[in-house]
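> Got a predicted model here, sequence first, then my questions.
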Amino acid sequence: MIKYRTKNVSIFQSVLYKTTSLVIQTDECILVVDPNLLPDEVLEIRQHVDKIKEDKPIYLIFTHSDWDHIVGFGAFQDATVIAHEVFDSKENKEEILNQILQFDDQYYLDRNYPILYPSVDIPVHEDGQVLQIGKTKLTFYKAEGHTDDGIFVVVEPLGIWIAGDYLSDVEFPFINDNSKNYEKTIGKTDRILGSHIINLLVPGHGTATNIKEEIIFRKVLSYRYIQELRNAINDKLDHEFLIQGYKYKHDQIGSHLENAALIKKELQTDSQQIQKR
Ligand SMILES: [Zn+2]
């Protein structure tokens, strides 16, 4: 499963949806991000953590509450959980857990740990919030738009940007929350690149990159997608070509059409508000 490995960083990639899990070891702690997805894959990550852990505390970061990202929580109940404040107060926790149970039933999967919704020990309230663990410094940013409970995390001094379901090379924006929030989130790219030395960007699906221009390129592509989709819907033009370049477009077309429906609704709400004024 390991796709990338240095002395401090291991990136695991699931065979499903190229979903990434990240394990970072520093002098003071072990950071685990979104351990997922199949039972054996979660087990492999847990075993890796047990091997390197020594007596260090484990911090478990969830980039957001989508089922494929929280599926491994039950195997890491000894960890301190970090996530967006909204992650903790979600009203549809039961629904998210049901998506996991449904998935496991569909493929007759057994797990050697319970399926649970994580409760948050350290909630992220605001951009720039810092958690200092010895020499390890975590800086958090809210990352809303894909969901309403996403976060970016920058780990220093290693210079790792944990991006969750943004800035992927295999997915166009999946906008389940709000397109304006999505634009605001990717708009934080410049601030993050300007105020941290980033050596590695790790998206929730796809390939990590250590090239700054690639990060900026992914940001621009996300912007373009949202803006062109909005324009096309406004002008009642075809927009399926916008995902033409994506390798897995035959499945992702569903997400594209959901984006289109969401943006259409946003545009209608906007024009109603303008009429009221
Ligand atoms: Zn995801």
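The structure has been received and is ready for your questions. The structure displayed is predicted, hence computed values, not measured ones. Numbering: from 1, shown residues only.

> all contacts plus neighbour counts: C-alpha atoms, from now on.
OK.

> quick one: the helices in this protein?
Defined through DSSP state H, the helices belonging to the chain, from first to last, are 39-52, 67-70, 85-88, 93-106, 179-186, 189-195, 212-234, 249-276.

> Tell me who's in contact with the residue nearest to His64 when sequence neighbours are not counted.
Computed as Cα to Cα, 6 or more residues apart in numbering, the closest residue to His64 that is not its neighbour in sequence is Gly150, at 4.4 Å. Contact partners of Gly150, counting by Cα atoms under 8 Å, 6 or more residues apart in numbering, are Thr63, His64, Ser65, Ala83, His84, Phe87, Lys142, Ala143, Glu144, Gly164.

> starting at the chain centroid, how far to stretch 113-130?
Counting by Cα atoms, centre = their mean, to the nearest Å, stretch 113-130 is centred 13 Å from the centre of its parent chain.

> In contact with the spatially most central residue of the chain, which residues?
Using Cα atoms, centre = their mean, the residue of the chain that lies closest to the mean C-alpha position is Gly164, 1.8 Å off. Neighbouring residues of Gly164 by Cα under 8 Å, 6+ apart: Thr63, His64, Gly150, Ile151, Phe152, Val202, Pro203, Gly204, His205.

> Need the pLDDT of it.
In the prediction, the pLDDT value recorded for Gly164 is 98.

> Okay, and the beta partners of it?
Taking DSSP bridges, one finds Pro203 as the beta-bridge partners of Gly164.

> Wait, Ala208 touches Leu200, no?
Yes: applying Cα atoms under 8 Å as the test, Ala208 and Leu200 come out as touching, 6.7 Å apart.

> So which of these two has more stuff around it?
Ala208 (23 against 19; other Cα atoms under 10 Å).

> residues in contact with the more buried one?
Under the criterion of Cα under 8 Å, 6+ apart, the contact list for Ala208 reads Leu200, Leu201, Val202.

> at 6 Å instead, please
Ala208 makes contact with Leu201, Val202, according to Cα atoms under 6 Å, 6 or more residues apart in numbering.

> ok, so of the contacts of Gly150, who is nearest Gly74?
Checking these against Gly74 with Cα to Cα, the nearest one is Ser65 at 14.2 Å.

> How many residues are close by that closest one?
There are 24 residues near Ser65, going by other Cα under 10 Å.

> for Gly134, same thing?
Gly134: 10 neighbours (other Cα under 10 Å).

> Lys53 versus that one, what's the distance?
Note on Gly134: its distance to Lys53, by Cα to Cα, to the nearest Å, is 16 Å.

> Let's see the pLDDT reported for Asp177.
Confidence per residue is given as pLDDT, and for Asp177 that number is 96.

> Could you list the buried residues of stretch 94-101?
Neighbour-count burial for stretch 94-101, with 16 or more other Cα atoms under 10 Å as criterion, is recorded at Ile96, Leu97, Ile100.

> Now do the same for Asn28: its pLDDT.
Slight slip there: residue 28 is Glu, not Asn. The score at Glu28 is 96. That number is its pLDDT.

> burial of the nearest residue to Ser255 once chain neighbours are set aside, as a residue count?
Closest residue in space to Ser255, ignoring its immediate chain neighbours: Phe174 at 6.3 Å, by Cα to Cα, 6+ apart. When neighbours are counted by other Cα under 10 Å, Phe174 registers 21.

> which phi and psi does Phe174 have?
Its backbone dihedrals place Phe174 at phi -100, psi 110, with angles given as degrees, to the nearest 10.

> Let me know the average pLDDT across stretch 251-270.
The predicted model assigns stretch 251-270 a mean pLDDT of 95.

> right, I mislabeled it, should have said stretch 39-57
Summarised as a single mean, pLDDT over stretch 39-57 is 97.
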